[in-house]
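Trainee: Sharing a sequence plus its predicted fold:
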Amino acid sequence: MLKRLRVAAAALGLLAASAVPAFSQGTLRIGMTAADIPQTTGQPDQGFEGFRFAGYTIYDPLVAWDLSKADAIADIKPGLATEWAAVEGAPTKWIFKLRQGVKFHDGSDFDADVVLWNLDKILNDKSPQFDPKQAAQARARVPTLVAWKAVDKYTVELTTRVVNALFPYDMSYIFFSSPKRWEEVGKDWVKFASQPAGTGPFKVDRVVPRERLELSRFDGYWDKARVPKLDKVILFPMPEAATRTAALLAGQVDWIEVPAPDAVPRLKQGGMTIVTNKYPHNWAYHPSMVEGSPWTDIRVRKAANLAIDRAGLAKLLGGMMVESKGVVYPGHPWFGSPSFDIKYDPEAAKKLLAEAGYGPNKKPKIKIAISTSGSGQMLPLPMNEYVQENLNAVGFDTQFEVMEWNALVNFSFQPATGEPATKAGVNAINISRATVDPYSAFMRLYHSGFITPKGANWGLLKDPKLDELIDKAHTSFDRAAQTKALADVHTYIVDQSYWVYIAHDLNPRAMNPKVTGFVQAQSWFQDLTPVSMK
């Protein structure tokens, strides 16, 4: 079934690639892995690829990411806010000082009222500007934010439900749309999507769903050091790796996300540059922990982790991955010292399954929801086929529920007990996760207080000890204490084998040598502003 889907996707993708026109030298053309243009209204969908190409390009958050370095994990920096701090004696209240002189693409001003209007847009369903589509993308990113008010024209106070020392990271995912433009288009978010206005370094010229998104330089951008060098950026949805590769070799695009590994030698022979870097990424299986799921048995979870030949998978991917031993990789400050070593040991896996009561006539049935492509998903079809063979070889009965990337993201917005999962018989999902910040890496995925849709704990994991460890990290304002607490969290998660950890991506991109100035940050997000074309 998976092979038939690949052939169909390739045929559709090649048709799309043949329609890509040529543009001027000051234009960068990018082939994305997404099957459609991300939402352009302010809170993009299509995972973090949507954030990368339709978020941080068109819009700005209060708290931005420093994407200027390739040799260090990206961290936060001032964005539309110049500074922030928790109120002394009242740590659930945060004061954000706003940047003055910022203009939207439509010429209107950014100020405290705009911040409140945008927070109502995603969190207050009684507000006229409330947008359910944007809310669906944003709410889980700021789960502790409960109140917001203006102190003065350029100061806002944001209140969290609980003490959250890591709250500034949450605000890096919230973008700000122009209230003036929304009024101009008749208070209609559908119309706004075709002519949006943000404060970002690029403005939108044209949106053609499932075909292209055309951006151009915003000369009035507030950060003069980051006014784009390019005239235009054109983004094309190309979910099939073979299609992206063919389009790059044919000169129809200048840059592609995730080239097919077996095409890398050909791309290099064609003079293309292959750019890689490690980054906070985790490609794993997120199991259901509800009653009746085989994953509730730690022996089954450990068996699955020991069944996978990650070195063989890396060979399949042309070396474009790091073998996973947990949520983060060894050497990361949060790795800790787990006693369970995730490695390839099929005999130990078989023994664990036998101890759990399984055998040739009684196999643990697992059905995993997977995508055909998508942001951070690497090459999900061949990768999952490979893992399926490994799991079945030690005694699992492994099946897949295959869907388009954005459909899988929406599937994950309802928990394992929801109708989409129960109707399909799914008891695990394969969604690549960002370990960019502690909330993204741990709390929203493993804490019982953040079950989907409140967070991303799709599998309904409920472990009081783990909750306590995560809470300790989130209430530690001292950076060293945070790091130690997070290492304890990771140690416990790996020893409980709560997920099936498989790979960390190297974020490969292939590009025409005419592309210059790009610095591949250790991040899911990348800065296009320093890029130029020879």
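Mentor: Arrived safely. As the structure is a prediction and not an experimental result, all values here were calculated from the model.
Trainee: Take stretch 412-432 and give me the span from its first residue to its final residue.
Mentor: In stretch 412-432, first residue to last residue: 12 Å (CA to CA, to the nearest Å).
Trainee: how far is that stretch from where the chain is centred?
Mentor: Chain-centre distance of stretch 412-432: 18 Å, with CA atoms, centre = their mean, to the nearest Å.
Trainee: what ranges do the strands span in the stretch 251-400 of the chain?
Mentor: 255-257, 273-275, 281-287, 321-323, 365-371, 397-403 (DSSP state E, counting those that start in this stretch).
Trainee: which residues are in contact with the last one?
Mentor: Which is strand 397-403. With contacts defined as CB atoms under 8 Å, 6 or more residues apart in numbering, strand 397-403 is touched by 1-2, 5, 363-372, 381, 384, 387-388, 391-392, 411, 424-426. (C-beta placed from N, C-alpha, C; glycine too.)
Trainee: Which of the helices and strands in the chain ranks last by mean pLDDT?
Mentor: Ranking every helix and strand in the chain by mean pLDDT, DSSP states H and E puts helix 2-18 at the bottom, with a mean of 39.
Trainee: all helices of the stretch 351-500 of the chain, in order?
Mentor: 380-394, 405-412, 419-424, 438, 444-446, 464-474, 479-496 (DSSP state H, counting those that start in this stretch).
Trainee: Looking at these, spot the one closest to K97.
Mentor: helix 479-496 (21.4 Å; CB to CB).
Trainee: Test my guess that G101 contacts W222.
Mentor: Yes. At 6.4 Å, G101 and W222 qualify as touching, with contact defined as CB atoms under 8 Å.
Trainee: Pick out whichever of those two has more residues nearby.
Mentor: More crowded of G101 and W222, by other CB atoms under 10 Å: W222, with 19 against 8.
Trainee: From D60, how far out is the closest residue to that one other than its chain neighbours?
Mentor: Beyond its immediate neighbours in the sequence, the residue positioned closest to W222 (CB to CB, 6 or more residues apart in numbering) is V102, lying 4.6 Å away. Noted for V102: a distance of 8 Å to D60, by CB to CB, to the nearest Å.
Trainee: between the two, what contacts are shared?
Mentor: Contact criterion CB under 8 Å, 6+ apart; residues bridging V102 and D60 by contacting each: 80, 199.
Trainee: Contacts for stretch 454-466 next, please.
Mentor: Contacts for stretch 454-466 (CB under 8 Å, 6+ apart): 139-140, 143, 286-290, 295, 412, 415-417, 428-429, 433, 443-452, 489, 492-493, 496, 498.
Trainee: at 7 Å instead, please
Mentor: 140, 143, 286-290, 412, 415-417, 429, 444-448, 450-452, 492-493, 498 (CB atoms under 7 Å, 6 or more residues apart in numbering).
Trainee: Narrow these to just the buried residues.
Mentor: The neighbour count (16 or more other CB atoms under 10 Å) marks 140, 143, 286-290, 412, 415-416, 429, 444-447, 450-452, 492-493, 498 as buried among those.
Trainee: can you pull the contacts of the nearest residue to G47 once chain neighbours are set aside?
Mentor: Among residues not flanking G47 along the chain, S375 sits closest, at 3.4 Å (CB to CB, 6+ apart). Going by CB under 7 Å, 6+ apart, S375 touches 33-34, 46-50, 405.
Trainee: now do 10 Å
Mentor: Counting by CB atoms under 10 Å, 6 or more residues apart in numbering, S375 makes contact with 32-34, 38, 45-53, 257-258, 405-406, 409, 431-432, 434, 524.
Trainee: looking at the helices of the stretch 351-500 of the chain, which is buried most?
Mentor: helix 444-446 (a mean of 26; mean count of other CB atoms under 10 Å).
Trainee: helices and strands around it, which ones?
Mentor: Applying 3 or more CB pairs under 10 Å, 6 or more residues apart in numbering; DSSP states H and E, one finds that helix 444-446 makes contact with strand 281-287, helix 464-474, helix 479-496.
Trainee: how far does that helix sit from the chain's center?
Mentor: Worked out by CA atoms, centre = their mean, helix 444-446 lies 14 Å from the chain centre.
Trainee: With stretch 164-180 instead?
Mentor: 16 Å.
Trainee: Endpoints of it, how far apart?
Mentor: 33 Å.
Trainee: Could I get the buried residue list for it?
Mentor: For stretch 164-180, by 16+ other CB under 10 Å, it's 164-179.
Trainee: again with stretch 339-356
Mentor: Buried residues in stretch 339-356, counted by 16+ other CB under 10 Å: 340, 342, 344-346, 348-350, 352-353, 356.
Trainee: For those, name the two members farthest from one another.
Mentor: Y344 and A356 (19.5 Å).
Trainee: Phi and psi next, for S532.
Mentor: phi -140, psi 170 (degrees, to the nearest 10).
Trainee: Just the pLDDT for it.
Mentor: With respect to pLDDT, S532 scores 96.
Trainee: Any idea what it is bridged to?
Mentor: Applying DSSP bridges to S532 yields these beta-bridge partners: T516.
Trainee: ok, now which ones touch it?
Mentor: By CB under 10 Å, 6+ apart, the residues touching S532 are 25-26, 28, 228-231, 514-518.
Trainee: ok, of those, which come out buried?
Mentor: Using 16+ other CB under 10 Å as the burial test, those include 28, 228-231, 515, 518 as buried.
Trainee: Now distance to P508 too, for those residues, in a markdown table please.
Mentor: Formatted as a markdown table, the buried ones among the contacts of S532 follow (distance: CB to CB, whole Å):
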| residue | distance to P508 |
| --- | --- |
| L28 | 18 |
| P228 | 24 |
| K229 | 24 |
| L230 | 22 |
| D231 | 27 |
| V515 | 15 |
| F518 | 13 |
